[in-house]
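Trainee: Structure for this input, please:
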Amino acid sequence: MYPAFYLLFSVIFVIHSYVITMDKEAILINAQSWTKAPFDTDTITKTLALISANNADFQESFYKDLEFGTGGMRGIMGVGTNRINKYTLGKNTQGLSQYLKDTFKDEQIKVAIAYDCRHNSKELAQVVADVFSANGIHVYLFEDLRPTPLLSYTVKAKNCHAGIVLTASHNPPEYNGYKVYWQDGGQLVPPQDKAILELIASLNFKDINFNGNADLIELLTPADDNAFIVDSIKAGKIAGDVDRSRLKIVFTSLHGTSITLIPETLKRAGYTDLHVVKEQAIPDGNFPTVVSPNPEEPEALKMAVELADRVHADIVIGTDPDSDRLGVAVRDNDGKMVLLNGNQTMIAMTDFLLQQSDVKNLRQPFIGSTIVSTPMIHDLAMDYQVECKEGLTGFKWIAKMIKDHPQQDFIGGGEESFGYMVGDFVRDKDAVTAALLACEMYAYAKANSSTTYQDLLKLYVKHGCYQEKLVSLVKKGISGAQEIKQMMIDLRVFTQV
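Mentor: Sure, this is the predicted structure:
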């Protein structure tokens, strides 16, 4: 019997606006409220200029409130209720502060805050820290940009009640964002998310307390990175006694935060032949060398692949700005460097994890995935006789699996969107540990006269060939929201025919 062939065709809508909530008169009234106290002089001046222009930017800035999606709140920076600024983030933080105080009565509440390389991230992180501390909450604030997985780790390591990271992942330079984490180190999920959002919606901008208490803000230093690196190596260095110095690696941080941790992590794990794309090593919110700082896009790793060809590297590793997504390129059978898609990387790394794990001595072991990812993951689980839990889109649901099933041991899990999580010491996709795991996987293959590409082909022969393709449709602003709404109506009508 020939192996089965499967085609998984995913269409992901990148939705920047959802529903139109105001007509033109309401938009003007909303904007006019930003021309007086409690807003500062600079905000008032910019708002008046927008009102005077009365253009598309004005409409987009005030036609609705910025909303939380599957990956937190993201938006274009600027003045207005539909923009990322000190007031929209301050209101979020004020609402979260009140919810934390109501939930954890008689406790000294602690939160951790991290930020990435984007414009205004450091300043906005300070605003968030000020609001938390003004509400009597102890803040652990990273003194410089750091990867998102380190924030997740720190929430658990410091026994925090919540965490915030200022990032817009791989969005264009004009974007920033606000992701909320809970006690377990995972992103906000039900029932807390709904209750917090309702509380935020009930507040006015005048309710924000910006008067920070410096005594409650504690700066985290590079010394606080060490525990994460140690645990990352403990979770990801699983290839046994192989000669890691034989693996030639090219790494690019795409101007993002992973430059602060990945080179050091790989070095400590024994990978000495590491070549960094120097032109992309300096953190820069303009992302000057790429069209999009997204390792899902082959163009983003073009410079890394070119360097790999010059130095004859085995593997290319690239990460997005906040270092939660991981792109991997390897040599094919013809010696050409090819970018693995997210499903292929997930399958290869999960198989390697299961192969190296002492499954029989784990407590009801399981792996995790999501509904938009390859069904091949279920074949791996069946082959190794472990459970595969499947959740909704987004890593917060994989983190919730771990939280909801403490009696079971989580091995690893991933999603088609180039994210992977190794073990449960971090509760979000983690490109730092995943980068180490990818190198371990290739080093092990090389030690056994194979390659990651060849090992992946063997999995296809064994389980059937799964071919996936991702199509991203970006629909921006008011017109985009209208298009998406109509597309969903059309889809529902079509499926009922």
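
Trainee: Dihedrals phi and psi, A112?
Mentor: phi -120, psi 140 (degrees, to the nearest 10).

Trainee: and it, what does it touch?
Mentor: By C-beta atoms under 8 Å, 6 or more residues apart in numbering, the contact set of A112 is V139, Y140, L141, F142, L151, T154, V155, K158, C160, G163, I164, L220. Backbone N, C-alpha and C define where each C-beta goes, glycine included.

Trainee: cool, N82 as well?
Mentor: S17, E60, S61, F62, Y63, K64, D65, L66, G75.

Trainee: Kindly recompute the last result at 10 Å.
Mentor: 16-17, 21-22, 27, 30, 59-67, 75-76, 88, 477-478 (C-beta atoms under 10 Å, 6 or more residues apart in numbering).

Trainee: Now the one helix or strand L380 maps to: buried residues?
Mentor: L380 belongs to helix 376-384 when elements are defined using DSSP states H and E. Neighbour counts over helix 376-384 (16 or more other C-beta atoms under 10 Å) mark M376, I377, D379, L380, A381, Y384 as buried.

Trainee: Excluding chain neighbours, what is closest to the third one?
Mentor: What it means is D379. H463 (4.2 Å; C-beta to C-beta, 6 or more residues apart in numbering).

Trainee: Could I get the phi/psi values of G318?
Mentor: phi -140, psi 140.

Trainee: what's the spacing between D23 and I489?
Mentor: From D23 across to I489, the span is 21 Å (C-beta to C-beta, to the nearest Å).

Trainee: cool, and S121?
Mentor: In terms of C-beta to C-beta, S121 sits 38 Å off from I489.

Trainee: More neighbours: these two, which one.
Mentor: Legend: neighbour count by other C-beta atoms under 10 Å for S121 and I489, higher for S121 (25 against 10).

Trainee: List the residues that contact the more buried one.
Mentor: For S121, the contact set (C-beta under 10 Å, 6+ apart) comprises 77, 114-115, 145, 165-168, 176-177, 257, 283, 285, 321-322.

Trainee: What residues sit buried inside the longest helix anywhere in the chain?
Mentor: Ranked by number of residues, the top helix in the chain under DSSP state H is helix 477-496. The neighbour-count check on helix 477-496 (16+ other C-beta under 10 Å) flags G477, G480, A481, I484 as buried.

Trainee: Next, the contact list for D309, please.
Mentor: V250, V316, G335, K336, M337.

Trainee: Now for it, which secondary structure element holds it?
Mentor: With DSSP H and E as the criterion, D309 is inside helix 302-311.

Trainee: so how far is that helix off the chain centroid?
Mentor: Mean-position distance between helix 302-311 and its chain equals 26 Å (C-alpha atoms, centre = their mean, to the nearest Å).

Trainee: try stretch 432-443
Mentor: 18 Å.

Trainee: returning to that earlier point: now intersect the contacts of N82 with the strands, please.
Mentor: Assigned to strands by DSSP state E, the following of the contacts of N82 qualify: G75, I76.

Trainee: Only the buried subset of the contacts of N82, as a ChimeraX command please.
Mentor: In ChimeraX, a selection of the buried entries from the contacts of N82 looks like this (16+ other C-beta under 10 Å):
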select :16,17,21,22,27,30,59,60,61,62,63,64,66,75,76,88,477
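
Trainee: wait, which of the contacts of D309 is closest to K389?
Mentor: V316 (30.8 Å; C-beta to C-beta).

Trainee: what pLDDT does the residue positioned nearest the centre of the chain get?
Mentor: The centroid of the chain falls nearest to D324 when counting by C-alpha atoms, centre = their mean (4.5 Å). For D324, the pLDDT comes out at 95.

Trainee: Mind listing what's buried along stretch 321-333?
Mentor: Those buried within stretch 321-333 under the rule 16+ other C-beta under 10 Å are P321, D322, S323, D324, R325, L326, G327, V328, A329, V330, R331.

Trainee: I'd say the second one and L151 touch.
Mentor: Yes. D322 sits in contact with L151 when judged by C-beta atoms under 10 Å, with a separation of 9.0 Å.

Trainee: Give the residues shared as contacts by those two.
Mentor: A114, Y115, D116, V165, L166, T167, K179.

Trainee: can I get the residues you listed in TSV with distance to Q356 and pLDDT?
Mentor: Below are the shared contacts of D322 and L151 laid out as TSV (distance: C-beta to C-beta, whole Å; pLDDT from 0 to 100):
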residue	distance to Q356	pLDDT
A114	30	98
Y115	35	98
D116	32	97
V165	30	97
L166	36	97
T167	31	96
K179	31	96
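
Trainee: now, which of those lie within strands?
Mentor: A114, Y115, V165, L166, K179.

Trainee: For T93, state which of these is nearest.
Mentor: Proximity of these to T93 (C-beta to C-beta) peaks at L166, which lies at 11.1 Å.

Trainee: can you pull the contacts of the residue nearest to the closest one when sequence neighbours are not counted?
Mentor: In space, and not counting its chain neighbours, L166 is closest to Y115: 3.9 Å by C-beta to C-beta, 6+ apart. Counting by C-beta under 10 Å, 6+ apart, Y115 makes contact with 121-126, 128, 141-142, 144-146, 148, 151, 164-167, 176, 257, 322.

Trainee: Make sure T88 is actually in contact with K64.
Mentor: No. At 11.5 Å, T88 does not count as touching K64 under the criterion of C-beta under 10 Å.

Trainee: which neighbours do these two share?
Mentor: Contacts common to T88 and K64, judged by C-beta under 10 Å, 6+ apart, are G80, T81, N82.

Trainee: Need these in a markdown table (columns: distance to Y444 and secondary structure).
Mentor: Shown next, in a markdown table, are the shared contacts of T88 and K64 (distance: C-beta to C-beta, whole Å; DSSP: H, G, I helix; E, B strand; the rest coil):
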| residue | distance to Y444 | secondary structure |
| --- | --- | --- |
| G80 | 52 | coil |
| T81 | 52 | coil |
| N82 | 49 | coil |
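
Trainee: pretty sure D130 is touching S97, no?
Mentor: No. Applying C-beta under 10 Å, one finds D130 not in contact with S97, separated by 11.1 Å.

Trainee: between these two, what contacts are shared?
Mentor: I208, N209.

Trainee: pLDDT wise, what is R363 at?
Mentor: 96.

Trainee: Was I right to think it contacts V386?
Mentor: No. The pair R363 and V386 does not pass the contact test of C-beta under 10 Å, sitting 11.3 Å apart.

Trainee: tell me the two of the buried residues of helix 376-384 that are most distant?
Mentor: Longest span within the buried residues of helix 376-384, C-beta to C-beta: M376 and Y384, 13.0 Å.

Trainee: That concludes my questions; thank you for your assistance.
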